[in-house]
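In: Quick check, what structure comes out for this input:
(one chain, ligands or ions: 1)
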Amino acid sequence: MASSYNVTIHWHGVRQMNTAWADGPEFITQCPIQPGGSYTYRFTISGQEGTLWWHAHSSWVRATVYGAIIIHPREGLLYPFPKPDRESVVILGEWWDANPVDVLREATRTGGGPNVSDAYTINGQPGDLYKCSSKDTVKVQVDSGQTSLIRVINAALNQQLFFAIANHNLTVVGAEASYVKPFTTRTLMLGPGQTTDVLIKADQAPARYYIAARAYASGQGVPFDNTTTTAILEYKNTTSKPIMPPLPAYNDTSAATAFTTSFKNLRKSPVPTKIDHNLFITVGLGLIPCPPKTPAQNCQAPNRTRFAASMNNVSLVLPRNSSILQAHYHGIPGVFTTDFPGQPPVTFDYTGNVSRSLWQPINGTKVYKLKYGSSVQIVLQGTSISTAENHPIHLHGYDFYILAQGFGNFNPKTDTAKFNLVDPPLRNTVSLPVKGWAVIRFVADNPGTWIMHCHLDVHIGWGLATVFVVEDGPGPKQKLEKPPPDLPVC
Ligand code: C2O
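Out: Prediction:
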């Protein structure tokens, strides 16, 4: 079927060393591929093993355009755990009984929140708890006594999800194409963008067990889809009625935190210790008051406003006539400015009762420049402007170490003592706690223009993003490649 939408594809988590042209976010590294057009993404994967994924990075097209990327150890090399007998992929998705692009369009018109989804899915199927298609419920086969590696990906558009398999322990061995020290849990929590590899041993009575996922909804009063998607873990030749696993309550932040803070790198992490750029970035929502004559139907956020979101009070506006990468590479003026602030413009009690005068972000296409090879620390600080919630923050082009996370306002005097400088996990998406903070570090060793954004698509549209521009280094392997000849034009 012919599509009438622009599209781009992002290879989520692939480092794209020197190949930022193949990263995919529209108007950041390329102009979109128009209906009938084509573009070949060329890149190399190296130094990464495990589970990543790909998805459309244009409007809300990624609601249905996504898939897994599985990176096995190099031929002849082994996993750092006993070889599993089987491997399966479980991709969690989110479904609207409507065209998701229309759902976004409607929200853009009203200025309010978009309609919540109608279902979550596992490998495209909602499962037995919905009125449709239970005969198509996905089955994951296991054999008694054997071990399976299950690669779980949260590809939902707007929702963090809890995940469990009835009666079975999950041993986490990796996340986002990096190995972690194995730990055992009953429940996973993944924000959109995150992946988690688990081993499960088929050590229960031969029967059928539900694999289930439902929302972790951290924002008080924020509407969400409270349905549950299921697949079936099926022991060979069994037909019993599946057993349902318990899942944490929707607002169980302690369960989410217990899980996200259990990650440690499998090996010692070479964490940069001398910091060149020490950034402090607030992350949260905002409300833009409507000018007096605007019709009420276009001001459907609270008190005659429109929803917005920002980092350090800047709502990212995408350019229209060129990507930021093309503007950077060719020196096209007027596309972006380099004044994204490394600190919030005003210091306030971020997680308390924030004064209304601080609720309104400014619009801009502002980037932050990083010198090649510099080491960067970012304190991400959630705010309680309008509503506080957990935000899955994703950085393109890099993996970063997550040194620590906590609740309340980050305190540089006391919270630095909590930094794990020995074996912090290496990830590309950090779950920023509701009314809390997280600290990440990376070395800017990949030239290009890299967006960092909340992976809840509802927040991207409201501007919850910024862009790092990393300059070329002096060496021959430290430069952005030439743009490919078939790079789409705007
Ligand atoms: Cu998986 Cu910018 O996204």
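
In: just for the stretch 151-300 of the chain, where's the confidence low?
Out: Nowhere does the stretch 151-300 of the chain drop to pLDDT under 70.

In: need the strands for it, in chain order.
Out: Taking DSSP state E, counting those that start in this stretch, the strands of the stretch 151-300 of the chain run over residues 160-165, 170-175, 178-185, 188-190, 195-201, 208-216, 228-235, 277-289.

In: and of the ones you listed, who's closest to Asn115?
Out: Checking the strands of the stretch 151-300 of the chain against Asn115 by C-beta to C-beta gives strand 208-216 as the closest, at 15.0 Å. All C-beta spots, glycine's among them, are computed from the backbone N, C-alpha and C.

In: what separates Thr195 from the ligand, distance-wise?
Out: Distance of Thr195 to the ligand, computed by C-beta to the nearest ligand atom, to the nearest Å: 10 Å.

In: Next: Glu176.
Out: Glu176 is 11 Å from the ligand, where distance means C-beta to the nearest ligand atom.

In: isn't that residue right up against Gly13?
Out: Yes: using C-beta atoms under 8 Å, Glu176 makes contact with Gly13 at a distance of 5.4 Å.

In: ok so, going back, export the strands of the stretch 151-300 of the chain to CSV and tack on mean neighbour count and distance to Asp102?
Out: As requested, the strands of the stretch 151-300 of the chain are exported to CSV (neighbours: other C-beta atoms under 10 Å; distance: least, C-beta to C-beta, whole Å):
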stretch, mean neighbour count, distance to Asp102
strand 160-165, 24, 24
strand 170-175, 22, 34
strand 178-185, 17, 38
strand 188-190, 25, 27
strand 195-201, 24, 29
strand 208-216, 25, 23
strand 228-235, 23, 23
strand 277-289, 21, 23
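
In: would you list those in CSV and tack on distance to Leu380?
Out: Shown next, in CSV, are those (distance: least, C-beta to C-beta, whole Å):
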stretch, distance to Leu380
strand 160-165, 16
strand 170-175, 18
strand 178-185, 19
strand 188-190, 18
strand 195-201, 20
strand 208-216, 18
strand 228-235, 29
strand 277-289, 6
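
In: is it true that Val138 touches Glu234?
Out: No: in this structure, Val138 is not within contact of Glu234 by C-beta under 8 Å, at 10.0 Å.

In: Pop out the phi and psi values for Gln125.
Out: The phi/psi pair for Gln125 (degrees, to the nearest 10) reads phi -110, psi 130.

In: For it, report the pLDDT, please.
Out: Listed pLDDT for Gln125 reads 97.

In: and what of Ser133?
Out: We have a pLDDT of 68 for Ser133.

In: Over to Met1?
Out: Note for Met1: predicted pLDDT of 43.

In: next one: the one 4 residues further on
Out: Looking at Tyr5, its pLDDT stands at 95.

In: Quick one: end-to-end length of stretch 75-83, please.
Out: With C-alpha to C-alpha, to the nearest Å applied, stretch 75-83 spans 14 Å between its terminal residues.

In: So for that stretch, mean pLDDT?
Out: On average, stretch 75-83 scores 96.

In: Flag every buried residue along it.
Out: With burial defined by 16 or more other C-beta atoms under 10 Å, the residues of stretch 75-83 counted as buried are Tyr79, Phe81.

In: Same check on stretch 247-261?
Out: Leu247, Pro248, Asp252, Thr253, Ala255, Ala256, Thr257, Phe259, Thr260, Thr261.

In: how about the residues of this structure near the ligand?
Out: His10, His12, Pro25, His55, His57, Gly193, His394, His396, Ile451, His453, His455 (C-beta under 6 Å from any ligand atom).

In: now do 5 Å
Out: For the chain, the residues in contact with the ligand (C-beta under 5 Å from any ligand atom) are His12, Gly193.

In: part of a helix, is Ala417?
Out: Yes: counting by DSSP: H, G, I helix; E, B strand; the rest coil, Ala417 is found in a helix.

In: returning to that earlier point: more neighbours, Glu176 and Gly13?
Out: Taking neighbours as other C-beta atoms under 10 Å, Glu176 and Gly13 compare with Gly13 leading, 30 against 25.

In: What is the burial count for Ser375?
Out: Applying other C-beta under 10 Å, we find 18 residues neighbouring Ser375.

In: Identify the residues contacting it.
Out: Pro272, Lys274, Ile275, Asp276, His277, Arg441, Phe442, Val443, Ala444 (C-beta atoms under 8 Å, 6 or more residues apart in numbering).

In: so who does the closest residue to the fourth one other than its chain neighbours touch?
Out: Spatial nearest neighbour of Asp276, chain neighbours left out: Ser374 (3.8 Å); criterion: C-beta to C-beta, 6 or more residues apart in numbering. The neighbourhood of Ser374, defined by C-beta under 8 Å, 6+ apart, consists of Asp276, His277, Val443, Ala444.

In: from those residues, which would you call buried?
Out: His277, Val443, Ala444.

In: now, which of those sits nearest the ligand?
Out: Lowest distance from the ligand to these (C-beta to the nearest ligand atom) belongs to Ala444, with 17.9 Å.

In: where do the helices sit along the stretch 251-400 of the chain?
Out: Along the stretch 251-400 of the chain, counting by DSSP state H, counting those that start in this stretch, helices occupy 253-260, 324-330.

In: Smallest gap between the stretch 351-490 of the chain and the ligand, at which residue?
Out: Nearest residue of the stretch 351-490 of the chain to the ligand (C-beta to the nearest ligand atom) works out as His394 at 5.1 Å.

In: Now do the same for that residue: its pLDDT.
Out: In the prediction, the pLDDT value recorded for His394 is 98.

In: Next: the one 3 residues further on.
Out: In this prediction, Gly397 carries a pLDDT score of 98.

In: residues touching it, list them.
Out: Gly397 sits next to Arg15, Gln16, Ala20, Asp23, Asn446, Gly448, Trp450, Val470 when contact means C-beta under 8 Å, 6+ apart.

In: Which of those fall in strands?
Out: Gly448, Trp450, Val470 (DSSP state E).

In: Give me the neighbour count for the first one.
Out: The number of residues packed around Gly448, counting by other C-beta under 10 Å, is 26.

In: Does Gly352 touch Ser384 like I think?
Out: Yes: contact criterion C-beta under 8 Å: Gly352 and Ser384 qualify, at 6.8 Å.

In: Residue in this protein with the shortest distance to the ligand?
Out: Residue of the chain nearest the ligand, by C-beta to the nearest ligand atom: His12 (3.6 Å).

In: OK, contacts around that residue?
Out: Contacts of His12 by C-beta under 8 Å, 6+ apart are Leu52, Trp53, Trp54, His55, Ile69, Gly193, His394, Asn428.

In: quick one: which of those residues sit in strands?
Out: Using DSSP E, these in strands are Leu52, Trp53, Trp54, His55, Ile69, His394.

In: now, the most widely separated pair of the residues you listed?
Out: Farthest pair in these (C-beta to C-beta) is Ile69 and His394. Separation: 15.0 Å.

In: Looking at these two, which one has more neighbours?
Out: With neighbours defined as other C-beta under 10 Å, Ile69 and His394 compare such that His394 has more, 25 against 19.

In: Show me the shaky parts of the stretch 1-150 of the chain.
Out: Looking at the stretch 1-150 of the chain by pLDDT under 70, you get 1-3, 133.

In: hey, where'd the strands end up in it?
Out: 9-12, 50-56, 66-71, 86-95, 119-122, 139-142, 147-154.
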